[in-house]
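**Q** Following is a predicted model, sequence given first.
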Amino acid sequence: MHSTEPSPLSHGQLYSWREVESYPPGWQAEANLSSTWDLRGLAPDRAAAALRRLVALHEPLRTGYSVGPGGVPAQFVHPVNDEGPCGIAAPTGLPAAIGHADRRITDFGDPIRTTEALAARPIPMSGGPCWTGEYVTTDGAPMFLSLSFSHLILDVWSVIELERRFRILCADPEADLDPGVSQRDLAATQQAETWRTRQASAEKYWRGLLDGAPAGFLPALPTLTAGQTKPRIQATLHSHRLTALAAEAARRHAVTVPAVLLALVAAALAEHLGTGGAVIALMSNNRFAPEHRTAVGTLNQLIPVSLPADRAGTLAEHVKRTHWAGARAYRYAAYDVDRIAALAAGDAGAAAPPDGWFNRLFPAWFNYLPFDDRLPDPADTAPAELVWTARPREYGQPFDVRVTAQDGRTSVQLRTDPDVVDAPTLAGILRTVAFGVRRVLSAPESGLKDLWSTAEPDAELFPVDPAPGPR
């Protein structure tokens, strides 16, 4: 199906659209996902042909958006032979979204700086394409490719998958690659009668969540209206030892690594706010069904989960309860966000969703991104680091956590509204997570309340003398 006729968005596309349109002026580039591909050793014709095949295979690379009546967005997909910005540039043989520069590489940091500069440019929400690139050669020899994709068309998994497929096509230009379900076909499925039961189940889940949130939790997290900014504070804990301990804790308690970390984040936040638990939204990539596992596009959606903090219970019980609550929530993670907003407004007695409704649906969130499954070298005794961000994003939710695992190191990034969680408390939450993982292993039958007892210092888990806050 190749047509420039407008069609509805999939649930993942609509979710991304509503999120990005809530960004304040000057922060639109935050919707960009960047990647740098090493092209050294590739023949120019092989690299160009592989990029053309990717554009032909995957509709998101030829997708643009428009806004219709009532602010409802629609997508349109350009044909493969399009002569415009979504097609192939005749002079270079590259996708028109990619510029070409033949120049000398200045130093080893050149590719990263080029990619960062590209990613710092906002990509318009309407029109297309929703991505851009710079193909750098030296005397005609491919060196690297800097890319920036709007979250409107791709999620992190898809960016990684595109590079994997690019490598396959460079090695074998005739490789038979399955493009996976397209966003248009997914949208058609989600608009069909057969999907209504799933949407109804999601709405029932949301009603139960909104009605049953721990008392006082949602009012304790003030949210911003669309386009509003407010200074935030942000710190990231980097630790190799945390990677090994979290993996062992997950194995021993038959749960996942993100469940272990989420359980401790939720307990620490509830303790700070003085509530009986927390509602934290989990990022789901919604690739559970076999037909969706190879889908290149934007499928991510946040799904909130209510996590009670029973101070009389044990750490092991809390971790397992968190694991199963999250597993249940994922069943409802593909939903029409506009319908959920209308549902929430109706339950509150409003005629329409209030300004800033997107942030209100997700006042706190947690995302876990494992870029590889490598465990740290046991001989690596590198000390943990606590790094403060000079100027984090100044919009969105008042509490969010982004965990990445790569090259044997776990990085827990926490961003907060300083009026809700100040710098010392933010550092304390990260410390609780680090030492809590150790306690889940060493004393799983101890009480949840024991998380805040004095912990023996361990410089590999948390710095002994961390910086007190952002400079």
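**A** That came in fine, so what should we check first?

**Q** May I see the buried residues of stretch 123-141?
**A** I123, M125, G128, P129, C130, W131, T132, G133, E134, Y135, V136, T137 (16 or more other Cβ atoms under 10 Å). For glycine as for every other residue, the C-beta is placed from the backbone atoms N, C-alpha and C.

**Q** remind me which residues of this protein are low pLDDT?
**A** Across the chain, the ranges flagged by pLDDT under 70 are 1-3, 348-352, 454-455.

**Q** what lines up beside the longest strand along it in the sheet?
**A** Counting by DSSP state E, the longest strand found in the chain is strand 141-150. Sheet pairing of strand 141-150 (DSSP bridges) gives strand 32-38 (antiparallel), strand 131-138 (antiparallel).

**Q** which residues touch the helix or strand hosting F76?
**A** Using DSSP states H and E, F76 sits within strand 73-77. Residues outside strand 73-77 that contact it (Cβ atoms under 8 Å, 6 or more residues apart in numbering) are 1-9, 13-14, 17, 59, 62-68, 128, 182-184, 187.

**Q** With only the CA atoms kept, save that strand in PDB.
**A** Extracted in PDB, the C-alpha atoms of strand 73-77 (Å, rounded to 0.1, in the frame of the first residue of the first chain):
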ATOM      1  CA  PRO A  73      -3.400  14.300  13.200                       C
ATOM      2  CA  ALA A  74      -3.200  12.000  10.100                       C
ATOM      3  CA  GLN A  75      -0.300  10.300   8.400                       C
ATOM      4  CA  PHE A  76       0.600  10.000   4.700                       C
ATOM      5  CA  VAL A  77       3.100   7.700   3.200                       C
END
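
**Q** mind listing what's buried in that strand?
**A** P73, Q75, F76, V77.

**Q** and the angle for the helix or strand following it with strand 131-138?
**A** Under the assignment DSSP H and E, the closest C-terminal helix or strand after strand 73-77 is strand 98-102. Interaxial angle of strand 98-102 relative to strand 131-138 (axes from the mean of the first three to the mean of the last three Cα atoms, to 10 degrees): 20 degrees.

**Q** what helices or strands is strand 98-102 leaning on?
**A** Here strand 98-102 touches strand 131-138, going by 3 or more Cβ pairs under 8 Å, 6 or more residues apart in numbering; DSSP states H and E.

**Q** hey, C-alpha coordinates of the strand it packs on in CSV?
**A** Extracted in CSV, the C-alpha atoms of strand 131-138 (Å, rounded to 0.1, in the frame of the first residue of the first chain):
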residue,chain,number,x,y,z
TRP,A,131,14.2,12.3,10.0
THR,A,132,17.5,13.7,8.7
GLY,A,133,21.0,12.5,8.2
GLU,A,134,24.6,13.5,7.1
TYR,A,135,26.6,11.0,5.1
VAL,A,136,30.3,11.8,5.5
THR,A,137,33.0,10.6,3.1
THR,A,138,36.6,11.4,2.7
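
**Q** which residues touch it?
**A** Contacts of strand 131-138 (Cβ under 8 Å, 6+ apart): 39, 44, 47, 61, 92, 94-95, 97-105, 111, 114, 118, 121, 123, 142-150, 153-154.

**Q** and with 7 Å instead?
**A** Residues external to strand 131-138 that are found in contact with it (Cβ atoms under 7 Å, 6 or more residues apart in numbering): 61, 94, 97-105, 114, 118, 123, 143-150, 153.

**Q** Any idea how far it is from the middle of the chain?
**A** 25 Å (Cα atoms, centre = their mean, to the nearest Å).

**Q** which other helices and strands contact the longest helix anywhere in the chain?
**A** Counting residues, the longest helix in the chain under DSSP state H turns out to be helix 423-442. For helix 423-442, the contact count by 3 or more Cβ pairs under 7 Å, 6 or more residues apart in numbering; DSSP states H and E identifies strand 233-239, helix 240-253, helix 257-273, helix 315-330, strand 409-416 as packing neighbours.

**Q** Among the buried residues of stretch 123-141, give me the pair with the biggest separation.
**A** M125 and T137 (31.3 Å; Cβ to Cβ).

**Q** list the contacts for the nearest residue to V181 once chain neighbours are set aside?
**A** Excluding the flanking residues, the one nearest V181 by Cβ to Cβ, 6 or more residues apart in numbering is A295, at 4.9 Å. By Cβ under 7 Å, 6+ apart, A295 lies in contact with G180, V181, L186, R287.

**Q** Ok, P444 next?
**A** T314, L315, A316.

**Q** Burial check on the last one, number of neighbours?
**A** A total of 18 residues lie near A316 under the criterion other Cβ atoms under 10 Å.

**Q** Identify the bridge partners of A364.
**A** F399.

**Q** I'd say it and G396 touch.
**A** No. A364 is beyond contact range of G396, at 10.8 Å (criterion: Cβ atoms under 7 Å).

**Q** ok so, going back, okay, the helices and strands packed on helix 423-442, which one's buried deepest?
**A** helix 257-273 (a mean of 25; mean count of other Cβ atoms under 10 Å).

**Q** if we look at that one, which residues are touching it?
**A** Residues from elsewhere that reach helix 257-273, judged by Cβ under 7 Å, 6+ apart: 217, 220, 246-247, 249-250, 276-278, 280, 307, 309, 318-319, 322-323, 326, 366, 368, 399, 401, 403, 421, 425, 429, 432-433, 436-437, 440, 448, 451-452.

**Q** Correct me if wrong: R393 contacts E30.
**A** Yes. Using Cβ under 7 Å, R393 makes contact with E30 at a distance of 6.1 Å.

**Q** C-alpha coordinates for stretch 159-178, CSV please?
**A** Extracted C-alpha coordinates of stretch 159-178, given in CSV (Å, rounded to 0.1, in the frame of the first residue of the first chain):
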residue,chain,number,x,y,z
VAL,A,159,16.6,2.9,15.5
ILE,A,160,18.8,0.0,16.7
GLU,A,161,17.0,-2.4,14.4
LEU,A,162,17.5,-0.2,11.4
GLU,A,163,21.2,-0.3,11.9
ARG,A,164,21.1,-4.1,12.2
ARG,A,165,19.2,-4.4,9.0
PHE,A,166,21.6,-1.9,7.3
ARG,A,167,24.5,-4.1,8.1
ILE,A,168,22.7,-7.1,6.7
LEU,A,169,22.0,-5.3,3.5
CYS,A,170,25.6,-4.1,3.1
ALA,A,171,26.8,-7.7,3.4
ASP,A,172,24.1,-9.1,1.2
PRO,A,173,22.2,-6.5,-1.0
GLU,A,174,19.7,-9.2,-2.0
ALA,A,175,18.9,-10.3,1.6
ASP,A,176,15.2,-11.2,2.1
LEU,A,177,14.2,-8.9,5.0
ASP,A,178,10.7,-8.9,6.4
